[in-house]
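Student: Fold the following and give me the result.
(3 chains)
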Amino acid sequence: MSAQVPKARKITCIGFDWRAEVSLKETLALLRGKTREAWQYSDELTADVVVYETHNVLAQAMVRRSAAENTGRVFFPSSSEDDSVLTLRYPFGASRLVACLDSASLQLQGRVPATEQAEAPSLCQRLDDALRAPGTLAVSIRAGDQQGWLRLPERELHWSQPLGVDEIAGLLSGEVEVEALGPTEGAALRRLEAAARHPAPAEGLLWAIGIARSKGSLLPRLDIARPCRLRRWPDFGAIGRRSLDIRCASLLTQRELAPSHLAMMAGIPLGVLGNFLNACALVGVLEPGKALPAAAPAPQAHALPQESGLGSVLRRIRTALAIGQ
Amino acid sequence: MLDDTQLEPIPAHFGGALDRLLATVPALTGAVLSRSDGFEVLSRTRAEVPVSRLSALSSSMVALSQAALREVGMHGGGGSVLVEGQDGKLLLLEVPLRGQPMVLAAIGGPDLITGTLLWAARDCVRQLIQP
Amino acid sequence: MREYKLLFAGPMGAGKTTAIAAISDAAPVRTEAVNSDRVQHSKELTTVGFDYGEIALDGGDRLRLYGMPGQDRFDFMWKVASEGALGVVLLSDNSRPEPLKDLALYVESFRAMAERGAMVIGIGRLGSGHTSVESYTAWLAGQGLSLPVFTVDVRRRDDVLLLLDALLYQIEAARLLADTPHA
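Tutor: Okay, here's the model as predicted:
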């Protein structure tokens, strides 16, 4: 194999709030040239290095899964009882991050960086396209030896084995094939029916794909200027959640808003909102609003007002319970 | 007129105990015996009394007063709650029956002397526990 | 010192006492009595006054948590406690025969809070019943309400925090939107 200029290695984080994501991106930018290898942030969970929140169930499952499959990926937990383990806790300190990245470089030596596939559509988009293709009766989903299918229009999911958080984690971290099946693919459909018999919660799988496999871009069918709303709350009890998801859902269930307007009201960067909106769209709770698309983002005057007495109380309750800060 | 409300089979001596309470204290408007979770068991009334509402309220008030006593380090049952207003008074007494504790509520007009009410109601509780 | 209160309501056995115990700073005050209505629920004790827990806030203020007695003959307690409450966490027990009928009673009783978005619904024992999460949201939509509905296990502190997190965002969003004209 001929020598080549190594591509930047990829790092991602899972289980943290969006602020950790933004912080990691910014810190990486500051560290350019200070690490053994070049690093860039990625939304894909197939990145070389994954920083994970120790208490997040999906993150734990991914780590277990990856260890079992010997993927060679390097994981850093946010905390550990074992002092010898390198941990990365949010807010990420620059020197600690350098130490972790250099340690990861040593561990990854000889491993070819994950291939660039930036131009290929995200799994989220492929699945969304399949679900919306005219005449689709079912969508087949294959990941390694796991196989499942979604019956339309009910979106009932059947899987080849009981689909728990471990299986979803495995599916999120690897290659997934998606195929829309129409009336002419009766035989394939019958094979699927026979192979995947375990009923499984579709919302959890679709949500996880929207959040974790969107490549950071809004689905093409969604428009940042077109008002939309949620027809109901996603069941965050079943699917796991980030604080920003709850914040955005509380706004979008009460008022139709263009994503650009939502970003301003929620005080969350538009880039970070994309995964949330994609997940809502995949789950089928996002619907177009009745208002016309906004010609321009809503005026700044409508942004988050000064903290009122109630705002202060809500903030202090959050502090006391250590939630959603 | 005395009216008798009975939800399920109850010990025969309960009725007698309430009858004697009302006979002993003519100023009483009524007496209601409830389980500690707020269900009425038996009542004797001389006037209109919202028996089921009173049962639920009695159990809440007794439970709250017990909780208040526990918070200041006073434990043990056999407690009472006395509520007085311009038009009369309401006395709630715990009835520590084994297995199914109950609450006795006694309602009286403004002329009813508190001491008399307390004495007669406690005597009624004794009869309920030891026939 | 200022005090704020949150309510926990729902039918007997839905887990209100447990939920408060999961997040209160100190062991909650309980007002339980021997449960004689074993047809409604098989548990030994049931709340007849209210459960009370509290959470200390910055600046010396305090958040009071009140667990309402579940049975509807205690609705006087619901009315008393509703005054000035920030919001209410409704817990449903999906293993009961008619969970949506239960829900209707509590939504109606705490209607004012539901209408200003200060209500969140946690469904317990989802798998032990036949009512789907969609049925809950559809019923609410029929009432003109769009409230957070989550499947939860209130024995887990994290699930209780999810309910509170959503409730706080709901209250905040309602206020924010009230201050913001339609686009």
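Student: Does the residue nearest the centre of chain B lie in a helix or a strand, and which?
Tutor: Residue closest to the mean C-alpha point of chain B, counted by Cα atoms, centre = their mean, is residue B:104 at 1.7 Å. Assessed by DSSP states H and E, residue B:104 sits inside strand B:102-108.
Student: For the very next helix or strand once past that strand, which residues meet the burial criterion?
Tutor: The helix or strand immediately downstream of strand B:102-108 is helix B:114-129, counting by DSSP H and E. Within helix B:114-129, the residues that count as buried by 16 or more other Cβ atoms under 10 Å in any protein chain shown are B:117, B:120, B:121, B:124, B:125, B:127, B:128. The C-beta positions use only the backbone N, C-alpha and C, and glycine is treated the same way.
Student: how about CSV for those, with pLDDT added?
Tutor: Converted to CSV, the buried residues of helix B:114-129 look like this (pLDDT from 0 to 100):
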residue, pLDDT
B:117, 96
B:120, 97
B:121, 97
B:124, 97
B:125, 97
B:127, 97
B:128, 96
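Student: Tell me the buried residues in stretch B:82-89?
Tutor: For stretch B:82-89, burial by neighbour count (16+ other Cβ under 10 Å) applies to B:88, B:89.
Student: what does it contact?
Tutor: The contact list for stretch B:82-89 (Cβ atoms under 8 Å, 6 or more residues apart in numbering or on different chains) reads B:29, B:61, B:90-92, B:107-110, B:112, B:114, B:117-118.
Student: for stretch A:64-76, same thing?
Tutor: Identification of contacts with stretch A:64-76 by Cβ under 8 Å, 6+ apart yields A:46-52, A:63, A:86-88, A:100, A:103-104, A:107-108, A:111, A:166, A:169-170, A:173.
Student: Just the endpoints, please. Distance across that stretch?
Tutor: In terms of Cα to Cα, to the nearest Å, the two terminal residues of stretch A:64-76 are separated by 13 Å.
Student: how about the helices in chain C?
Tutor: Ranges of helices in chain C, per DSSP state H, are C:16-23, C:75-82, C:99-109, C:111-115, C:133-142, C:157-178.
Student: Which neighbouring elements make contact with the last one?
Tutor: If contacts are counted by 3 or more Cβ pairs under 8 Å, 6 or more residues apart in numbering or on different chains; DSSP states H and E, helix C:157-178 sits against helix A:236-239, helix A:243-252, helix A:309-321, helix C:16-23, strand C:87-93, strand C:119-124, strand C:149-151.
Student: Quick one: work out the angle between the lowest-mean-pLDDT helix or strand in chain B and helix C:75-82.
Tutor: Lowest by mean pLDDT, DSSP states H and E among the helices and strands of chain B is helix B:51-71, with a mean of 90. Counting by axes from the mean of the first three to the mean of the last three Cα atoms, to 10 degrees, helix B:51-71 points 50 degrees away from the direction of helix C:75-82.
Student: And the helices and strands packed on helix C:157-178: which comes nearest chain B?
Tutor: The closest of the helices and strands packed on helix C:157-178 to chain B is helix C:16-23. By Cβ to the nearest Cβ, the value is 12.7 Å.
Student: ok and the helix or strand of chain A with the lowest mean pLDDT relative to helix C:157-178, angle-wise?
Tutor: Ranked by mean pLDDT, DSSP H and E, the helix or strand of chain A with the weakest confidence is helix A:57-69, at a mean of 77. For helix A:57-69 against helix C:157-178, the angle by the same axes, to 10 degrees is 130 degrees.
Student: Report the buried residues of helix A:57-69.
Tutor: For helix A:57-69, the buried set under the neighbour-count rule, 16+ other Cβ under 10 Å, comprises A:58, A:59, A:60, A:61, A:62, A:63, A:65, A:66.
Student: close enough to count as contact, the fifth one and residue A:174?
Tutor: No - shown here, residue A:62 and residue A:174 do not form a contact pair, counting by Cβ atoms under 8 Å, at 10.5 Å.
Student: any low-confidence regions in chain B?
Tutor: Chain B contains residues with pLDDT under 70 at B:1-8, B:76.
Student: Right, I'll call it a day here.
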